[in-house]
Structures are given as C-alpha cells and as structure tokens.
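# Mind looking at a prediction? Sequence and model below.
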Amino acid sequence: MENQRSNKRAVLGVILVIVGFILIATNFNMFPFGLRHIVFSWQALLILIGLFFLLSREANVTGWILIGIGGFFLIPRLWDMPWGWHELFWPAMLLGLGAVLIVRGVARHKEPIDNSPDYFDDVSIFGGGDRVVSSQNFKGGRLTAIFGGSKYNMTHAQLAKGRNVIDIFTMFGGCKFIIPAEWDIRIEVSSIFGGFSDKRSLYKDMPRDPSRELIIKGVAIFGGGDVVSF
C-alpha cells in the first residue's frame, strides 16, 4: 500500500514539474498562440488527469474514460470537421459504456467467486431498489449503476475473515451501503465530478476486528455513493 502511495506521489510530482515548465515557456512566449489554445484547455486537463490515473497504476478504467472524453472534444480544436462532430458524443458514450460492461463481465467470470449468498452481483440501469444482505460470511460483491442506483442494507450481515472487496462502477447514478459501525472499511473509489464518502465518523472510536476488512473500490462518474450505519 505504501509503495502504491509513493508511486502516486511521484507521478503527481512529474506532472506538476511538466506543467511548471509549460507555464514558464508560456510566460516567455515560447508557445505559439494556437498551441497555447490547445494546451491550456479543459480537454487537455482531462487528458492530463487521465494520464495521472494510468501512470499511477490505479483506476485504469477512470484514466481511459477521462482520456477518451478529453480527446473526443479536443479533436475539433486540432482539425476542422466538415460536419457536427459533437453529435457523435452520445453514440460514442454508449459504445464506451458497452465496452466497460463487457470488460467488467469478462473480469467477473475470471474471478474465483461462486454464486452463493455470500457474494452479490447487481446491475441497475435507469432504476434501482433496496436490497438486504444477511450473509453471515459476506465476501463482497460487484455492482454497476448507470442512470440509477440501489441501497444495500448489511446491518444483519457478518463480514468474512480476510480481505473482502465490493467493486463498483457508477455513472450518472449512485449507491448507498448501510454497514455495521464496527466493520473495518477502506474506500478506494476514484470519483470524477462526483464523490464517495464514509459517513460513519460518529463511530470511528468503536473497536474494530483487524482480521476482517471490507474494501470498496471502483469508479464513480457524475455520481457516487456513501457508507452509513443507520
């Protein structure tokens, strides 16, 4: 974990150094005006943030999504398009979402997880619902929420020993987990124009079992989620 954090800091440092050199070059008029118009744009910023995620080897899906969105809207700045390029945004977005779902589906079948009640795999598109998880050996799960979301009540569940993972992907949607206050939880969700938070701060002093850990990881785009204990 510490090595991952160090790599992330190093990548961020390299990116900041590059941006600093670009700003210095701009102040000395070393960039042509047309290039400045491209480098200092929100599209280039999205691409830069996407590269940060990729180079830090965390949230690769997030990185590729950001690079794809930034690159899509940067193309008309680089070349004159004879037709409505922006009209292709939503078809391209659907293709991208479909590719993400295919990749997640293939990855799911490669995991050594059975279909027992100790594991859940949910998809919510333009909808959602409430689900009660009562497994006494809960091992994690996977959920995909697009233009929708669900609530998962785990107050009567028991976390399995070891490392248990819930992998989420939300876009224009979200999710909520109602989790016992004594569970040891780590949030590793990458958020873009959204957020994911652990709102159990009132219970932070409660004793936790270090032999049982729940990790919530994944990507939240234009949405997010939270963890509560009520």
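Yep, that arrived.

# where do the strands sit along the protein?
Here the chain has its strands, by DSSP state E, at 119-125, 128-132, 140-146, 149-153, 162-171, 174-178, 184-192, 195-198, 212-221, 224-228.

# So which of those is nearest residue 21?
Residue 21 sits nearest to strand 184-192 of all these, at 26.4 Å, using CB to CB. (Each C-beta comes from the backbone N, C-alpha and C, glycine too.)

# before we move on, back to that, compare the strands of the chain and give me the one nearest residue 50.
Once the strands of the chain are compared by CB to CB, strand 184-192 is nearest, at 9.5 Å.

# Which elements pack onto that closest one?
Under the contact criterion of 3 or more CB pairs under 8 Å, 6 or more residues apart in numbering; DSSP states H and E, strand 184-192 touches helix 60-78, strand 195-198, strand 212-221, strand 224-228.

# Work out the sheet partners of that strand and label each with its direction, please.
In the sheet, strand 184-192 lines up against strand 212-221 (parallel) (DSSP bridges).

# angle of the strand it pairs with against strand 174-178?
Here the directions of strand 212-221 and strand 174-178 differ by 160 degrees (axes from the mean of the first three to the mean of the last three CA atoms, to 10 degrees).

# before we move on, the earlier item: specify the stretch among the strands of the chain that is closest to residue 24.
strand 184-192 (29.1 Å).

# quick one: buried residues of the closest one?
By 16 or more other CB atoms under 10 Å, the buried positions in strand 184-192 come out as 185, 187, 189-192.

# Just put those residues in a markdown table and tack on pLDDT and distance to residue 169.
Formatted as a markdown table, these follow (pLDDT from 0 to 100; distance: CB to CB, whole Å):
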| residue | pLDDT | distance to residue 169 |
| --- | --- | --- |
| 185 | 88 | 19 |
| 187 | 87 | 15 |
| 189 | 85 | 10 |
| 190 | 79 | 10 |
| 191 | 78 | 12 |
| 192 | 76 | 12 |
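
# Taking those residues, tell me the two that lie furthest apart.
Farthest pair in the buried residues of strand 184-192, by CB to CB: 185 and 192, 21.7 Å.

# between the helices and strands packed on strand 184-192, which gets nearest to residue 135?
Short answer: strand 212-221, nearest of those by CB to CB, at 12.3 Å.

# Could I have the CA atoms of that closest one written out in CSV?
Extracted in CSV, the C-alpha atoms of strand 212-221 (Å, rounded to 0.1, in the frame of the first residue of the first chain):
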residue,chain,number,x,y,z
ARG,A,212,-11.9,-8.8,8.8
GLU,A,213,-11.7,-6.0,6.2
LEU,A,214,-14.1,-4.6,3.6
ILE,A,215,-12.6,-2.6,0.7
ILE,A,216,-15.0,-0.6,-1.5
LYS,A,217,-13.2,0.2,-4.8
GLY,A,218,-14.1,1.3,-8.3
VAL,A,219,-15.2,4.3,-10.3
ALA,A,220,-17.9,7.0,-9.7
ILE,A,221,-18.5,9.3,-12.7
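
# and it, average pLDDT?
What strand 212-221 shows for mean pLDDT is 87.

# Between strand 162-171 and it, find me the angle.
10 degrees.

# ok, now which ones touch residue 227?
176-177, 179, 185, 187, 197-200, 216 (CB atoms under 8 Å, 6 or more residues apart in numbering).

# where's residue 150 relative to residue 181, distance?
Computed as CB to CB, to the nearest Å, the residue 150 to residue 181 distance reads 21 Å.
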